[in-house]
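Asker: could you work out the structure for the sequence below:
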Amino acid sequence: MLHESETPLQRDQLLNQLDQHITKASEKGGRIALLVFNLQHFREINIDFGHHFGDSVLKQVAQCIQGALRPNDRLFHIGSDEFAVLVTDLKAYQIVQLATEKILSSITSNQSISGQVLSLSAQAGAAVYPDHADNRDDLLRAADSALSSARKKRLKYVIYDASRRQQEELRAKLKGDLREALKNNDLMFHYQPQIDLRQGIVSGCEALIRWPHETQGWISPEIFIAVAEESELIEELTYWSFNIIMREWRQSFAEVPSASIAINLSAALLHSREIADQVNRSINIWGIRPASLVLEVTESAMMVDPAIALKTLNALHEMGVKISIDDFGTGYSSLAYLKKLPVSELKIDKSFVLHMTEDRKDREIVQSIIDLAHNLHMHVVAEGIENLQTMNLLKEMGCDYGQGFYIARPMPAANIPAYLDTVHRESPGAADDEISA
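Answerer: Numbering: from 1, shown residues only. You can find the predicted model right below:
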């Protein structure tokens, strides 16, 4: 913590001053703005240089911000790496943008601290009373929401959009429903089989989460996983998922001990220090061979913080767990970074597979990914196989494994034994028709 004599005002004082200035603005028909700033990579600064040095960084940042403010504006230190600025008596809306840019510029210039030259950076979110909120708590939420949006979009700052309010209320409701669904075990998994394209046998499956909402029907995983990632629910959802999947997989694939189970790993947890321990606990509880577990991560998830992602992936690899890069070809990872990763599999995004029989460029991209993977001693899985022609073409191109509606649609765990029995007697496409019927 910073010494009291050297700190800006604190969070409790921010709440009190927000109440006071909102009251004044309401009486006079005026405006105020709340700007929140997050210092990027501050945790790494503490780790690399120690907390005492981190305190010096915070003091320097506070001085930079203070120097960029007008006399009547107020600075607050509201979290370990977060500051807030209360802009009072806002005469023009444009001042919000100008003030935010000025403060960010003061922070991002190179700073010399205790003999170390650091290139600091920050992101910001801003909200205005009464345009974006009519009370203290909603103004705080609006500013935090704008900051969150800046982080997701990788922008320097975002000013709150009032049209987001209804959407945020719906997401808050969905978050509450998701918490209840987890508590009541209302979520479930469907499993999409993968086949060895050379041998035509089932090699494993991918676990896909499903939520049959009581009033809204089936909710897309893209929607509720995003909601979970914005809150603490993503950890609870992931740990719950590991145990359910491993239990069901062990029961459903008992007759195919060599089969693998692929689980998607959230970007939010790829940078968690606890994820490797949790995976290890789940493996031990259910007696799963580590080599049969495949954790799928996306290129974009790894590139948020490559150094921490690499540590996490190495820890999982040392346990014997396999790592797969999902949606390969749609991200922006470099070959220099790719060669450092303990990855055993590249998964070709279905956007390249769906039309590869008609589109020469898609075929060339798919062939390039297959060749790259094999040259790096990885195997390849193609998603989005929807017809026999595509499956045969991928086989000719040397692709190792495939999945898609032609092979089999995702199905409940209870249907897996029947599917396995059928696929031994029929082609993948025929098996899919029989199971789907």
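
Asker: from here on, contacts and neighbour counts on C-alpha atoms
Answerer: Will do.

Asker: Lys156: neighbouring residues, count only.
Answerer: The criterion is other Cα atoms under 10 Å. On that basis, Lys156 has 17 neighbouring residues.

Asker: surely it and Ala124 touch.
Answerer: Yes - shown here, Lys156 and Ala124 form a contact pair, counting by Cα atoms under 8 Å, at 6.4 Å.

Asker: quick one: buried residues of the strand ranked longest in the chain?
Answerer: If each strand of the chain is counted by residues according to DSSP state E, the longest one is strand 201-213. Buried residues in strand 201-213, counted by 16 or more other Cα atoms under 10 Å: Ile201, Val202, Ser203, Gly204, Cys205, Glu206, Ala207, Leu208, Ile209, Arg210, Trp211.

Asker: again with stretch 155-162
Answerer: Within stretch 155-162, the residues scored as buried using 16+ other Cα under 10 Å are Lys156, Tyr157, Val158, Ile159, Tyr160.

Asker: Throw those residues into a markdown table and include pLDDT, secondary structure and distance to Ile285, thanks.
Answerer: Below are the buried residues of stretch 155-162 laid out as a markdown table (pLDDT from 0 to 100; DSSP: H, G, I helix; E, B strand; the rest coil; distance: Cα to Cα, whole Å):
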| residue | pLDDT | secondary structure | distance to Ile285 |
| --- | --- | --- | --- |
| Lys156 | 93 | coil | 44 |
| Tyr157 | 94 | strand | 45 |
| Val158 | 94 | strand | 45 |
| Ile159 | 94 | strand | 47 |
| Tyr160 | 92 | coil | 46 |
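
Asker: between those residues, which sits nearest Arg273?
Answerer: Proximity of the buried residues of stretch 155-162 to Arg273 (Cα to Cα) peaks at Lys156, which lies at 27.1 Å.

Asker: for the closest one, give me phi and psi.
Answerer: phi -70, psi -40 (degrees, to the nearest 10).

Asker: so how far is Gln94 from it?
Answerer: Using Cα to Cα, to the nearest Å, one gets 17 Å for the distance from Lys156 to Gln94.

Asker: and for Leu140?
Answerer: Distance, Leu140 to Gln94, by Cα to Cα: 20 Å.

Asker: more neighbours: which of these two?
Answerer: Leu140 (21 against 9).

Asker: which residues touch that one?
Answerer: Counting by Cα atoms under 8 Å, 6 or more residues apart in numbering, Leu140 touches Leu34, Ala127.

Asker: assumed it was part of a helix.
Answerer: Yes - under DSSP: H, G, I helix; E, B strand; the rest coil, Leu140 sits within a helix.

Asker: what sits against Ile385?
Answerer: Contacts of Ile385 (Cα under 8 Å, 6+ apart): Lys350, Val353, Leu354, Met391, Gly402, Gln403, Gly404, Phe405, Tyr406, Ile407.
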